[in-house]
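*Asks:* got a predicted structure plus its sequence, pasted below:
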Amino acid sequence: MQKQIKSALISVFYKDNLENIVKKLGEQGVTIYSTGGTQQFIEEQGVKCVAVEDLTAYPSILGGRVKTLHPKVFGGILARRENAQDLQQLKEYEIPEIDLVIVDLYPFEETVKSTKEEQAIIEKIDIGGVSLIRAAGKNFKDVVIVASKDQYADLEKVLVENNGATSLEDRRGFAAKAFEVCAHYDVAISQYFLNNEPGACFQVSVPEGQVMRYGENPHQRGVFYGDLSETFNKLHGKELSYNNLVDVDAACQLIAEFKETTFAVIKHTNVCGIASRPTLKAAWDAALAGDKESAFGGVLICNAVVDAVTAAAISEIFFEILIAPGFDADALTVLQAKKNRILLEQKAPLKSGHMFKNVLNGVLLQDTDNGNYKEWNDVGARPADAGEKADLEFANLVCKHLKSNAIALVKDRQLVGKGCGQTSRIDALRHAIEKAKQFDFDLKDAVLASDAFFPFDDCARIAHEAGIKALIQPGGSLRDNDSITYCKENGLVMVMTGMRHFRH
């Protein structure tokens, strides 16, 4: 059902790009009601405006906290045009019908980001705006609600193309977006009071929904909710896919663990090559050597500015994405030679807080897995020396980012073998050893990390037979002593950390 806009209430914080709408409403003879700064803005466009104070016979009070909260405003919005009793009451109390509401909300999130002063933040909790949005959205059969400057273009299109007439479909669409605005706003306020801790109900609201080409597979739909520009500058390449984003997330989580110059290769969220070295080129060479086959088509990430020499070496293989904190100009020239390569400049770390996944028609939420180990408990034949400790710490961090059951084999801060996603820890270890042999790594004096405890001494024995001299694991098995005894009897280092890093 088409309805002509004959009256409008406009009260907004952001006035950008509102000029054309105001002028078009004036041209179409729409009666406009407004308040304060918005009223002044409208009149500066040469358009007549009725002050809300003149409509309600009440001034703005309590320092601006109460301006529009009045029956003469809300009655005009909520009145059902097909309801004779509602229309009679409008007439009785001299309440004008309001067909269009343009209102936005105080910048609460922006204020939280810019100040720690609680009073300033509290004052940015909008009351009247939310009430107006909800009222107009509830009465979408008769009223158009525009709740954000992001919808100005859509409204202007309606005003121009339909001469101010809206369909029920138009009004319902505007209402849906308006309630999204309110929902996001309420979640932001709730999270502020909860100090971003879990509350009684699961609350997440992430704006900026971006439709992907498809999801994990071509027959699945996919949408990304988030703002990549907060974390990255995209310098080159095709659009990121659903699977790209999953791998990029895994890569960024991994590289954040390392302070020394480090390069890593990610494939299907698992690290298949990683090394720390004095120079970036050396780190790349060592990371690639860890598993040259799996690196094909992988996601690459480092924690140092990419130079031309390293860029030339990287360009010798096919890869999907390269993430770095910066790129030298001549390195970019080399890397941009292939148009589809995605180059991401990481300008901020990922936020650390909570992570969640959907299961069983519900949601699991947990803290992010921060840290390397809770304690360093040497329980083997001898304490780890400085070199062994460096490799064990490195291996433990790498293992933390492999899917369980996981084993990481490291030598000289280079991943030389890994087993992940296995149903048996013994299988994970055997797979790691075979990977090392495949690329001709000598495991003599290498170290091993396990993401969970050893319930028997079999892994210690198999590792020892392969030449591995030191092991790190969380401990906690009823039969910890089996592995401890084997290490003591065979001169092996064993460290228990008291911190498990399972990753399903």
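*Replies:* Yes, it's here. Residues are numbered from 1 along each chain as shown.
*Asks:* use CA for all of it now, contacts and neighbours both
*Replies:* Noted.
*Asks:* which residue lies nearest the spatial centre of this structure?
*Replies:* Of all residues in the chain, the one closest to the mean position by CA atoms, centre = their mean is residue 226, 5.1 Å from it.
*Asks:* who are the contact partners of it?
*Replies:* Neighbour list for residue 226: 206, 207, 208, 209, 210 [criterion: CA atoms under 8 Å, 6 or more residues apart in numbering].
*Asks:* can you tell me the helix or strand for the last one?
*Replies:* What that stands for is residue 210. Secondary-structure assignment from DSSP states H and E places residue 210 in strand 209-211.
*Asks:* for residue 221, helix, strand, or coil?
*Replies:* coil (DSSP: H, G, I helix; E, B strand; the rest coil).
*Asks:* and it, what pLDDT?
*Replies:* We have a pLDDT of 94 for residue 221.
*Asks:* was I right to think it contacts residue 214?
*Replies:* Yes: look at residue 221 against residue 214 with CA atoms under 8 Å: they come within range, at 4.8 Å.
*Asks:* mind jotting down where the strands sit in the stretch 51-200 of the chain?
*Replies:* Shown for the stretch 51-200 of the chain, the strands assigned by DSSP state E, counting those that start in this stretch span residues 100-103, 144-146, 165-166.
*Asks:* in the protein, which helix is the longest?
*Replies:* helix 168-194 (DSSP state H).
*Asks:* phi first, then psi, for the residue nearest to the centre of the chain.
*Replies:* Dihedral pair for residue 226: phi 160, psi 180, per degrees, to the nearest 10.
*Asks:* any idea how far it is from residue 286?
*Replies:* Remark: distance between residue 226 and residue 286 (CA to CA, to the nearest Å) = 34 Å.
*Asks:* what's the answer for residue 406, then?
*Replies:* According to CA to CA, residue 406 stands 21 Å off from residue 286.
*Asks:* same question for residue 414.
*Replies:* 7 Å.
*Asks:* give me the residues contacting the helix or strand bottoming out on mean pLDDT in the chain.
*Replies:* Least confident helix or strand of the chain, by mean pLDDT, DSSP states H and E, is helix 52-56 with a mean of 85. Outside of helix 52-56, the residues within contact range by CA under 8 Å, 6+ apart are 33, 34, 35, 59, 60, 67, 68, 70, 72, 73.
*Asks:* and those residues, which of them are in helices?
*Replies:* 72, 73.
*Asks:* weed out the non-buried ones from the contacts of helix 52-56.
*Replies:* Buried residues within those, counting neighbours by 16 or more other CA atoms under 10 Å: 33, 34, 35, 59, 60, 67, 68, 72, 73.
*Asks:* considering the residues you listed, which is situated nearest to residue 159?
*Replies:* residue 33 (17.7 Å; CA to CA).
*Asks:* buried residues, stretch 94-106. List them.
*Replies:* By neighbour count on 16+ other CA under 10 Å, the buried set for stretch 94-106 is 95, 96, 97, 98, 99, 100, 101, 102, 103, 104, 105, 106.
*Asks:* likewise for stretch 434-443?
*Replies:* If you call a residue buried by 16+ other CA under 10 Å, then stretch 434-443 has these buried ones: 434, 435, 436, 441, 443.
*Asks:* what mean pLDDT would you report for that stretch?
*Replies:* Stretch 434-443 carries an average pLDDT of 95.
*Asks:* going forward, the N-terminal residue is numbered 58.
*Replies:* Sure thing, new numbering starts at 58, so read that last one as stretch 491-500.
*Asks:* setting aside sequence neighbours, what's the nearest residue to residue 292?
*Replies:* Once flanking residues are discounted, residue 292 sits nearest to residue 400: 5.4 Å by CA to CA, 6 or more residues apart in numbering.
*Asks:* adjacent strands (with direction) for the helix or strand where that neighbour lies?
*Replies:* If you go by DSSP H and E, residue 400 is part of strand 399-403. Paired neighbours of strand 399-403 in the sheet (DSSP bridges): strand 289-293 (antiparallel), strand 376-381 (parallel).
*Asks:* circling back: parallel or antiparallel, which strands does the strand holding residue 267 pair with?
*Replies:* Each strand paired with strand 266-268, and its direction, by DSSP bridges: strand 280-282 (antiparallel).
*Asks:* name the surrounding residues that touch the partner strand.
*Replies:* With contact meaning CA under 8 Å, 6+ apart, strand 280-282 is reached by 263, 264, 265, 266, 267, 268, 269, 271, 272, 299.
*Asks:* Serialize these to JSON lines and add fields for distance to residue 67.
*Replies:* Below are these laid out as JSON lines (distance: CA to CA, whole Å):
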{"residue": "263", "distance to residue 67": "27"}
{"residue": "264", "distance to residue 67": "24"}
{"residue": "265", "distance to residue 67": "25"}
{"residue": "266", "distance to residue 67": "27"}
{"residue": "267", "distance to residue 67": "29"}
{"residue": "268", "distance to residue 67": "32"}
{"residue": "269", "distance to residue 67": "35"}
{"residue": "271", "distance to residue 67": "39"}
{"residue": "272", "distance to residue 67": "40"}
{"residue": "299", "distance to residue 67": "40"}
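*Asks:* only the buried subset of the residues you listed, as a ChimeraX command please.
*Replies:* A single ChimeraX command selects the buried members of the contacts of strand 280-282 (16+ other CA under 10 Å):
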select :272,299
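*Asks:* between the contacts of strand 280-282, which is nearest residue 482?
*Replies:* For the contacts of strand 280-282, the nearest to residue 482 is residue 299 (30.4 Å; CA to CA).
*Asks:* pretty sure the closest one sits against residue 272.
*Replies:* Yes: the pair residue 299 and residue 272 qualifies as a contact (CA under 8 Å) at a distance of 5.4 Å.
*Asks:* what touches both of those two?
*Replies:* By CA under 8 Å, 6+ apart, residue 299 and residue 272 have these common neighbours: 279, 280.
*Asks:* so residue 328: helix, strand or coil?
*Replies:* Secondary structure, three-state DSSP: residue 328 is strand.
*Asks:* spit out the residues that contact residue 471 and residue 343 alike.
*Replies:* 330, 331, 332.
*Asks:* what about the strands in the stretch 458-561 of the chain?
*Replies:* 464-467, 472-476, 504-507, 527-530, 550-553.
*Asks:* and residue 375, what are its phi and psi?
*Replies:* Phi and psi for residue 375, reported as degrees, to the nearest 10, are phi -90, psi 130.
*Asks:* got a list of what residue 524 touches?
*Replies:* Contact partners of residue 524, counting by CA under 8 Å, 6+ apart, are 500, 501, 502, 503.
*Asks:* got the confidence number for it?
*Replies:* We have a pLDDT of 96 for residue 524.
*Asks:* for it, give its distance to residue 502.
*Replies:* Taken as CA to CA, the span from residue 524 to residue 502 is 6 Å.
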